[in-house]
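Engineer: next come a sequence and a model predicted from it.
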Amino acid sequence: MLNETTMIKDKAAPTENVSDPAWVRIRDLIYQVSGIYQTENKFYLLVGRANRRMKEVGARTPREYLDFLTARANRDVEMRNLLNEITIGETCLFRSMPQIEALRKVVIPAMTEAKKKISFTKLRFWSAGCSTGEESYTLAMMLLEETQTNLKGWTFEVVATDLNDRSVAKAQEGVYNDYAVRNVPPDYMGKYFSKVGSEYRVADSVRSHITFSRLNMLDDSKMLFMRGLDVIFCCNVLIYFDAKSKTRTIQHYYNALVPNGYFFLGQSESLYGISEKFHLVHFPGTTAYWKPGEGALKAGTP
Amino acid sequence: MTTTGIDRLRAKISNIDAMPTIPVILRPLLHCLDQPAEDIDVDRIVELISHDKSITAQCLRMANSALFIRKMPAETVRSAVMSLGMWRVRDLLFSNSLSKIIPANRWVVDPEVFWRHSLSVALVSRKFAEMIDYPDPEKAYLAGLLHDIGTLVHCMVAPEEFRAAMEKASREHIPLDEAEQQLMGFTHSDSGRVLADAWKVPPDIADAIELHHRVADPERGGPLVALVNLCDLLCRMRDLGYGYVEYRQVDFANEPGWMCLVLKFPGMAQIDLARFTFSLDEYAREVSDLVASVFAG
């Protein structure tokens, strides 16, 4: 299963450039700093993005650029710039089907089975670092669909937060272009979108389940109020934090989740070296982190 | 396996003509390659390859493919072997000879899917073995490659029941061995054991074939069994399985195989499994190229 951290539009860089061993070191450095892993068969994407930065700073070879990332005085700034370039605004609805399928086929059935026993029929999801709302609406549509089929009588809410006011405002608009909706299943297109000019507006039936707000994840007092979440999505957000803030934020997420709750990162992001409280779990084509709980559903059960 | 299961399997297999036979080239090859890379006798490998026209053609084609750009085209078996490297030659030889074990019209599973899975588990097992300092990564490779040969027996001796098991597994998104156990009373690990013994496969590899779905057996499963069990599971969770999705959650750190290896290999504690999982996508392409090359010939 391929990751979709970076996207398609980059032109492949010249081959002699792609095969330079310095890219492997740059890849490893990116992983170490951000937890985002670029597989070698997708190096052309990394190279395409990094080449823009190289032009900007005047590095002629990957080896030289590696110096900009490791040895120069403003290396942290350059790493930030590179990470921005790699994760830049490339997001769309239904971006990672393996994650959606893991929720529908494994996570939600097990979760609702357990909750039913205590007569609790509500699901709460948090789209943390929701940017312009694509992920939040995707989750809401998936949950809406589930509550109309397999989970009749259940309710749900999606809490969507971002640090950036403009992103939150854009997310609230819920209007997307062709490119952003290209992965949306056709029947969802018909049901949950209306055409506005050349763009598509998300239906009120979906919106009514989402609350968008501004939230700084480093604001401890605000984070304390986030509790009782079943699933948290936090894709390509942690890369913007230093090691210490990362650990602190992950602790907040951990506390916010119910026992047996799940924490999803971007498709090729990892928590390795950041938190050992969560269990890394595998689903078909994707991974997530699981908060063990008392009377936990035994891991490994289908 | 239940007693009736064993009896039924034995009864079917007693018709020995129906058993897959070990390819002629395989035994000397196994012998030749069962040693450290630097001790492998290249002349002998070249000679073995030269005996087989279709393998010769494949080596040359692969050595001259875009993947291995060279200044001069490889024209001899020797130059092809040097260009590909011993590991790739070995992969090619094994998959080529094993792909001919059963006649083309007897396959119940898609042979390309089968070899994609077997080769993936082989490569991942070797990589995993290296990562945890398991002393014999090549053995891990071989055990991974052969772990599912029981399905070949099923194709030959119980094709209809096996087809039904395969369909059940993919329809219900459950592990193949569960479906086999329910419908046939035995699994590909049971029949794999019978074939491995008939082929005189080294006993530890035969154990891995037999026990890769039953790691929890405390009397028998060793580290090789656990290693193949985990790598098989990893491949199945990463789209390198039997061509269908198993909807389940796997917590590797709590898998019996993992816990078995942790006790013996301290390196396990340092594994960044997330990163290893992501890197499996890099194998997918190498495996696909190799399998495509085998089936093009």
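Structural biologist: The structure has been received and is ready for your questions. All figures in this text were calculated on a predicted structure; none of them were measured in a lab. Residues are numbered from 1 along each chain as shown, chains lettered A, B, ... in the order given.
Engineer: and the longest helix along chain B, what does it pack against?
Structural biologist: With secondary structure taken from DSSP state H, chain B has its longest helix at helix B:273-296. Judged by 3 or more C-beta pairs under 8 Å, 6 or more residues apart in numbering or on different chains; DSSP states H and E, helix B:273-296 is in contact with strand A:279-283, helix B:53-63, helix B:86-99, helix B:111-131, helix B:223-237. Quick note: C-beta positions are derived from backbone N, CA and C, even for glycine.
Engineer: deepest of those, which one?
Structural biologist: Comparing the helices and strands packed on helix B:273-296 by mean neighbour count (mean count of other C-beta atoms under 10 Å in any protein chain shown), helix B:223-237 ranks first with a mean of 26.
Engineer: just checking, next helix/strand downstream of that one?
Structural biologist: Following helix B:223-237 in sequence order, the next helix or strand is helix B:256-264 (DSSP states H and E).
Engineer: quick check: buried residues in that following helix?
Structural biologist: Buried residues in helix B:256-264, counted by 16 or more other C-beta atoms under 10 Å in any protein chain shown: B:256-258, B:260-262.
Engineer: that older thread, and the helices and strands packed on helix B:273-296, which one's lowest on average pLDDT?
Structural biologist: The weakest mean pLDDT among the helices and strands packed on helix B:273-296 belongs to helix B:86-99, with a mean of 75.
Engineer: just checking, what packs against that helix?
Structural biologist: Helix B:86-99 packs on helix B:26-33, helix B:42-50, helix B:53-63, helix B:111-131, helix B:273-296, going by 3+ C-beta pairs under 8 Å, 6+ apart.
Engineer: contacting residues for the residue nearest the centre of chain B?
Structural biologist: In chain B, the residue lying closest to the centroid (C-alpha atoms, centre = their mean) is residue B:145, at 2.0 Å. Counting by C-beta atoms under 8 Å, 6 or more residues apart in numbering or on different chains, residue B:145 touches B:94, B:98, B:118-119, B:121-122.
Engineer: tell me the phi and psi of residue A:263?
Structural biologist: Residue A:263 adopts backbone torsions of phi -120, psi 120, taken as degrees, to the nearest 10.
Engineer: what are the phi and psi values for the residue lying closest to it once chain neighbours are set aside?
Structural biologist: Spatial nearest neighbour of residue A:263, chain neighbours left out: residue A:289 (4.2 Å); criterion: C-beta to C-beta, 6 or more residues apart in numbering or on different chains. Dihedral pair for residue A:289: phi -120, psi 140, per degrees, to the nearest 10.
Engineer: was I right to think residue A:289 contacts residue A:269?
Structural biologist: No - in terms of C-beta atoms under 8 Å, residue A:289 does not count as a neighbour of residue A:269; the distance is 10.3 Å.
Engineer: turn the helices and strands packed on helix B:273-296 into JSON lines, including distance to residue A:247.
Structural biologist: Compiled in JSON lines, the helices and strands packed on helix B:273-296 are given as follows (distance: least, C-beta to C-beta, whole Å):
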{"stretch": "strand A:279-283", "distance to residue A:247": "17"}
{"stretch": "helix B:53-63", "distance to residue A:247": "48"}
{"stretch": "helix B:86-99", "distance to residue A:247": "41"}
{"stretch": "helix B:111-131", "distance to residue A:247": "26"}
{"stretch": "helix B:223-237", "distance to residue A:247": "28"}
